[in-house]
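> Predicted model follows, preceded by the sequence.
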Amino acid sequence: MTQKRAIFCTLVLVVLACLPSAWAQYPPANAVDPNAPTVATPTTFPPPGTYPTTYSVTLLSATPGAQIHYTLDGTQPTSSSPVFDPYQLLWVGAVNNGDAGLKTSYTIRAIALKPGMNGSEIATFQYTIDRRDKTAYVAEDTLPGVTMIRDYANDKMFLVKGSKKALLIDSGMGTGDLKRFLTPYMAGLPLEVVFTHFHGDHTGQSDAFIADSVEHINDADRQQVVALLRAKGASDDAIAENLQTIKEGDILDLGDRKLTVYQVPGHTPGSIVVFEKETGYLFTGDSLGSNGPGIPDAFWLHLASSPPVDEYLSTLEVFRSKVQGAVKYILTGHNDRPLQGETYLDNLQTAAQSVVDEGVKVLVPSWRPSGVWQVVVGDRTRDPNWVSINVTQERCLSTSPDKIATLSNLQLNQGASIDYAPSRSGYTAVVGKSVASIRITPTTTSHSYRALKINGVEVKSGSPYDASLKRGKNPFAIVVTAPDGTTSQTYTLTITRENR
């Protein structure tokens, strides 16, 4: 008996001796070790509250390396509860019963744990989604002279009033009488409508205006809008008369206000943006992406019709060279507030450039939809001008980063212009007889290019090359060598100096 008791006591001592080590590795949830620090209590983004549409919830801990365990049914979380994955966000969904919007409540509880530390306090977060009726709209003045209208899904439309005409940019996808809703805001002005692209959350109410108002769409997206209008009962006569094609350089003249159209294909083949130079307002729909942090939104370049990122980067750079740093605010189809124009565009260009230069290694799983990848610039919980671009890994670039030997832009001075496009390698321009020299500025798509030469002379990407011009034709060969040192592409530029 004495021997058994001794063995038992020895085992107890061994177990007791092991307890501090086991505690240090992973203490039970909410257990307290007076000698150990405590993990920070979880927080969330966005904060608890009431929201009008489906939102995602991100769980955060100020303690580096802590795991956050959560429950969605109101029960107390433990170390056995699911672990929060920052790329698998928690969703609090909006609900409609027919056209009626419902108010839905959600409770999330969370605890943060880390080996060697006491578990955090348990945090409880309450969210309410107060969905608008599908027939309802709300309006607010978001910038001087611009009224933002939101439909039930929080899609954005913008009403711009001039001295002779009002312009509606996109139409959302509600089911209410949008035309009647807009009447008090239009001051009796006639209305025209422009669509940034064909997707249903931007053209869903196109049938409300087609009978007696001009609607504009880029030709590359026209077919889808025609199909939608027909499905909603619009006549072919009304479509033929009032659905008009809009293109690069067209001016939407409202009297004392004039807005210029730029084509920026990517999100759809016919995506456009509308720019008012005098105010610096740029209306973009989804053509340059949206970055609402709570959904979260991204610039969708993962669609079947989307170009590779290196091609889109060129489209973006060419557009930016045309507006010349004058974008003050960007109004997108899904942001609640205007974005800081040039700051957001800088971030968008940086994101695209990082994919071009580094390929798939800069990609992380997209927050939505699943199975897609993204590149992110900025912290969406802190920076209102952050950017995310959704792509598919296997076709995000036209070739591997080390073989990219293209120009993303080619510019001339002296009033000479070329319509640069990544699919073209030959260009011509004409200058007057008094123009004895010209400045050529080529920009390579890849920042890691091996060489860039004009007529055999080494030049730097983005820097001007000054060339003398003789009378008649002046040929220039622009050769880009890829980062691999062997892949190259030649662009031909012929500038004709007039003889008389």
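Looks like it came in fine.

> what's near enough to touch residue 153?
53, 94, 172, 173, 174, 201 (CB atoms under 8 Å, 6 or more residues apart in numbering). All C-beta atoms are positioned from the backbone trio N, CA, C, and that covers glycine.

> What are the buried residues along the helix or strand where residue 222 lies?
Per DSSP states H and E: residue 222 is located in helix 219-231. By 16 or more other CB atoms under 10 Å, the buried positions in helix 219-231 come out as 220, 221, 222, 224, 225, 226, 228, 229.

> Repeat that for stretch 147-165.
Of all the residues in stretch 147-165, those buried under the rule 16+ other CB under 10 Å are 147-162, 165.

> returning to that earlier point: would you turn the buried residues of helix 219-231 into TSV with pLDDT?
Below are those laid out as TSV (pLDDT from 0 to 100):
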residue	pLDDT
220	98
221	98
222	98
224	98
225	98
226	98
228	98
229	98
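
> from those, which single one is nearest residue 491?
The shortest approach to residue 491 among the buried residues of helix 219-231 belongs to residue 220, at 24.9 Å (CB to CB).

> That closest one contacts residue 266, correct?
No: assessed by CB atoms under 8 Å, residue 220 is found out of contact with residue 266, at 11.4 Å.

> still on that earlier bit, include pLDDT, neighbour count and distance to residue 309 when you put the contacts of residue 153 into TSV, please.
Below are those laid out as TSV (pLDDT from 0 to 100; neighbours: other CB atoms under 10 Å; distance: CB to CB, whole Å):
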residue	pLDDT	neighbour count	distance to residue 309
53	94	22	29
94	96	21	32
172	96	24	29
173	94	18	28
174	94	26	33
201	97	20	24
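
> Return the member of those residues nearest to residue 234.
Closest approach to residue 234 among those (CB to CB): residue 173, at 15.9 Å.

> So the closest one sits against residue 156, correct?
No: using CB under 8 Å, residue 173 makes no contact with residue 156, being 11.4 Å away.

> now the nearest residue to residue 37 once chain neighbours are set aside: how far from residue 470?
The shortest distance from residue 37 to any residue other than its chain neighbours is 5.3 Å, reached at residue 117 (CB to CB, 6 or more residues apart in numbering). Taking CB to CB, to the nearest Å as the measure, residue 117 falls 77 Å from residue 470.

> for residue 383, same thing?
In terms of CB to CB, residue 383 sits 52 Å off from residue 470.

> If you count surrounding residues, which of these two has more?
The neighbour comparison of residue 383 against residue 470 (other CB atoms under 10 Å) goes to residue 383, with 15 against 8.

> Give me the secondary structure label for that one.
Three-state assignment for residue 383 (DSSP: H, G, I helix; E, B strand; the rest coil): coil.

> which residues of this protein score low on pLDDT?
Within the chain, the segments meeting pLDDT under 70 span 1-31.

> residue boundaries of the helices in it?
2-25, 178-182, 200-203, 219-231, 236-242, 309-323, 341-358 (DSSP state H).

> So the protein: which segments form each domain?
Listed domain ranges for the chain are 1-131, 138-401, 402-497 (source: automatic domain parsing).

> Just name the most buried of those domains.
domain 138-401 (a mean of 19; mean count of other CB atoms under 10 Å).

> Do me a favour and get the end-to-end distance for that domain?
One end of domain 138-401 to the other measures 46 Å (CA to CA, to the nearest Å).

> again, but for stretch 439-455
Stretch 439-455 has an end-to-end distance of 14 Å (criterion: CA to CA).

> and it, how far from the chain's centre?
Its chain's C-alpha centre and that of stretch 439-455 lie 28 Å apart, by CA atoms, centre = their mean, to the nearest Å.

> swap in stretch 195-208?
19 Å.

> Return the alpha-carbon coordinates of the helix holding residue 222 using CSV.
Below are the C-alpha coordinates for helix 219-231, written out as CSV (Å, rounded to 0.1, in the frame of the first residue of the first chain):
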residue,chain,number,x,y,z
ASP,A,219,-21.2,50.7,-78.4
ALA,A,220,-19.3,47.8,-76.9
ASP,A,221,-21.9,47.5,-74.2
ARG,A,222,-25.0,48.4,-76.2
GLN,A,223,-26.2,44.9,-77.0
GLN,A,224,-26.7,44.0,-73.4
VAL,A,225,-28.6,47.2,-72.7
VAL,A,226,-30.8,46.6,-75.7
ALA,A,227,-31.6,43.1,-74.4
LEU,A,228,-32.5,44.4,-71.0
LEU,A,229,-34.7,47.1,-72.4
ARG,A,230,-36.6,44.6,-74.6
ALA,A,231,-37.0,42.3,-71.6
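
> I would like the residues contacting it, please.
With CB under 8 Å, 6+ apart, helix 219-231 has contacts from 195, 197-198, 200, 203-204, 206-207, 210, 215, 217, 236, 239, 243, 245, 247, 265, 268-271.

> same thing but at 6 Å, please
197, 198, 203, 206, 207, 210, 217, 239, 245, 268, 269, 270 (CB atoms under 6 Å, 6 or more residues apart in numbering).

> cool, and stretch 167-182?
Counting by CB under 6 Å, 6+ apart, 134-135, 137, 151-152, 155, 157-160, 192-194, 196, 200-202, 204-206, 208, 252, 254, 283, 285 sit against stretch 167-182.

> One more: stretch 481-499?
The contact list for stretch 481-499 (CB under 6 Å, 6+ apart) reads 402-406, 425-433, 448, 450-451, 469, 471, 473-480.

> what separates that stretch from the chain centre, distance-wise?
Using CA atoms, centre = their mean, the offset of stretch 481-499 from its chain centre is 32 Å.

> And that stretch, end to end?
From its first residue to its last, stretch 481-499 covers 35 Å (CA to CA).

> What of stretch 41-55?
22 Å.
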